[in-house]
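Trainee: With the sequence up front, the predicted model follows.
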Amino acid sequence: MSINSEIGKGLQEEDEGAIRDLLTQTQISCVGYIIKNGGTKETAQDLISENLIKLIYKLKEENAAIGNIYAYFIRMVKNAWMGQKRKEKAQPLIMALDDPDQYLQIVAGMGYQSESQDFSDKRISAIRQSWKLIRTDCRELLHQFYVSELRMSVIAENMGYTYEFVRVKKKRCWDAFEKIFFLELEKQYKDG
Amino acid sequence: MDELDRFERIERYIMGRMTSSEAGEFEGLMEKDLQLSEAVQRKRLLLNGLKMNHQENLMAKIKSIQANTADELDSGLAKKNNWVRRLSIPVSVAAAVLLIALGLWFLFPPSNEQLARQFFESHPDLLSEKIEQKGFFGSHPSESYLKKGMTDYELGNYQNGIIAIDDYLKQAPAEHPFLQESKLYLAISHFQLKNYERSTEILRKLDQDPTFELNKLTDWCLGLSLLAEGKEEEAIDKLEELSKDKSYSQKVQSILDRI
């Protein structure tokens, strides 16, 4: 990992203090810039939160090399705002139809609540429930592997297990998670 | 293929960790094996949901911090706006202020320390990029302190910057490429905190290294640091050395006229 700064490590770990520090140091500059360039405080804050998630994911990448994270983030938000403005100017409907996610949003906005949307809601709800129900160590292991995308050797070190043990445990945890998830999903459909 | 291997292959396929030929082979297997294909779909469904859930949680966390820091943001923005408003004060008032300032200038000329600080410009952080460029090849763990120090320096947190750069200097090997340059930033930070004795001491040592590529800047900073410290004669000597240099001659002349 090349992120050696305290703030970088804190953001990688999604630490609340690090997030607060980054926001405190950068949001006045970002919001000020966006308001100056035709945006509102609310759109600026949405853009900041979206980009902060992107930054956190980027910092989790193995080869992410970012020097001054504060300056990098300010640039990232400013560029995103200018990019968004350019996108708005250039044929918005055609862009939206090319992008399946945006297309679905438009359809949803037009009042068509598709079946897949209903399924998606139930799926998320079942995931939340099953995520709560699995063992804490399983949750930790699965989070490190699937969400933080850490290497198995790193996870083994973090959790104090052997590499081989983590391989087996991960499968057991996933199987348990999957089983509980489908039970919860079934329950969701039964409950309507 | 045992159960664990099969599980890990599905995982590698979904997470995009297979080579294209491996992925092609795996897709061929899926076409023949309905159970495998269903297992992939199940896992993809769950994994995407898991990531989406995590993103939502993270977003909620960020939004809650944003809500908690809303007052700070509003007061920061208000200060910024006030500054802009202040810029639009009628010209007559500005002119009056300017006249008063000029009058005071002639009545009470600035001290040597004030003069040195007026001419002093913080050198931009050029090191962070150099550290990135060097990458990991041949780098040293002590660079993490230097990176932190430069971030603090750039943000004007000079006290923290000094601590971090000092840590770097203590731990970096003798041949490390950024030693001299980091000392210059250290001296500038001390100057900013009015620790002139310390900034002069560091700059004097740097000045003895003729190979240091920023030796002109070092001379300029040393001249100003001596002046701020009250060592006027020595400062003048140092600044006069620079008067032949094209990029400094104008500034040097200007400050010498006012000492």
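Mentor: Structure received. Computed from a predicted model, the values in this text were never measured in an experiment.
Trainee: by contact count, what packs against the one helix or strand B:E56 maps to?
Mentor: Assessed by DSSP states H and E, B:E56 sits inside helix B:34-68. The contact analysis (3 or more Cβ pairs under 8 Å, 6 or more residues apart in numbering or on different chains; DSSP states H and E) places helix B:34-68 against helix A:16-36, helix A:41-60, helix A:115-133, helix A:163-191, helix B:3-14, helix B:20-32. The C-beta positions use only the backbone N, C-alpha and C, and glycine is treated the same way.
Trainee: could you give the mean pLDDT of stretch B:237-256?
Mentor: Mean pLDDT, stretch B:237-256: 86.
Trainee: same deal with stretch B:148-160?
Mentor: The average pLDDT for stretch B:148-160 rounds to 85.
Trainee: Over to stretch B:163-177?
Mentor: Rounded mean pLDDT across stretch B:163-177 is 85.
Trainee: Stretch A:132-150 too?
Mentor: What stretch A:132-150 shows for mean pLDDT is 90.
Trainee: TSV for the helices and strands packed on helix B:34-68, including mean neighbour count?
Mentor: What follows is the helices and strands packed on helix B:34-68, written out as TSV (neighbours: other Cβ atoms under 10 Å in any protein chain shown):
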stretch	mean neighbour count
helix A:16-36	19
helix A:41-60	18
helix A:115-133	16
helix A:163-191	16
helix B:3-14	16
helix B:20-32	12
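Trainee: so how far is A:I127 from the nearest residue to B:K80 once chain neighbours are set aside?
Mentor: Leaving aside its chain neighbours, B:K80 sits nearest to A:G32 (5.4 Å; criterion: Cβ to Cβ, 6 or more residues apart in numbering or on different chains). In this view, A:G32 and A:I127 are 38 Å apart by Cβ to Cβ, to the nearest Å.
Trainee: circling back to that earlier point, pretty sure the residue nearest to B:K80 sits against B:D74.
Mentor: No: using Cβ atoms under 8 Å, A:G32 is not in contact with B:D74; the gap is 11.8 Å.
Trainee: From B:H190, how far out is the residue of chain B found nearest chain A?
Mentor: Residue nearest to chain A within chain B: B:S144 (3.2 Å; Cβ to the nearest Cβ). Taking Cβ to Cβ as the measure, B:S144 falls 22 Å from B:H190.
Trainee: Spatially nearest residue to the residue positioned nearest the centre of chain A, not counting backbone neighbours?
Mentor: Note on chain A: the residue nearest the mean C-alpha position is A:I53, at 5.3 Å, using Cα atoms, centre = their mean. In space, and not counting its chain neighbours, A:I53 is closest to B:L58: 5.6 Å by Cβ to Cβ, 6+ apart.
Trainee: doesn't A:E16 make contact with the one you found?
Mentor: No: B:L58 lies out of contact with A:E16 (Cβ under 8 Å); the separation is 11.0 Å.
Trainee: Please identify the buried residues of the helix or strand that contains B:S225?
Mentor: Using DSSP H and E, B:S225 sits in helix B:215-229. Within helix B:215-229, the residues scored as buried using 16 or more other Cβ atoms under 10 Å in any protein chain shown are B:215, B:217-229.
Trainee: possible to save those as a markdown table with distance to A:G160 and pLDDT?
Mentor: Output for the buried residues of helix B:215-229, formatted as a markdown table (distance: Cβ to Cβ, whole Å; pLDDT from 0 to 100):
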| residue | distance to A:G160 | pLDDT |
| --- | --- | --- |
| B:N215 | 53 | 87 |
| B:L217 | 51 | 90 |
| B:T218 | 50 | 92 |
| B:D219 | 56 | 91 |
| B:W220 | 55 | 92 |
| B:C221 | 51 | 93 |
| B:L222 | 53 | 93 |
| B:G223 | 58 | 93 |
| B:L224 | 55 | 94 |
| B:S225 | 52 | 94 |
| B:L226 | 57 | 93 |
| B:L227 | 59 | 92 |
| B:A228 | 55 | 92 |
| B:E229 | 55 | 90 |
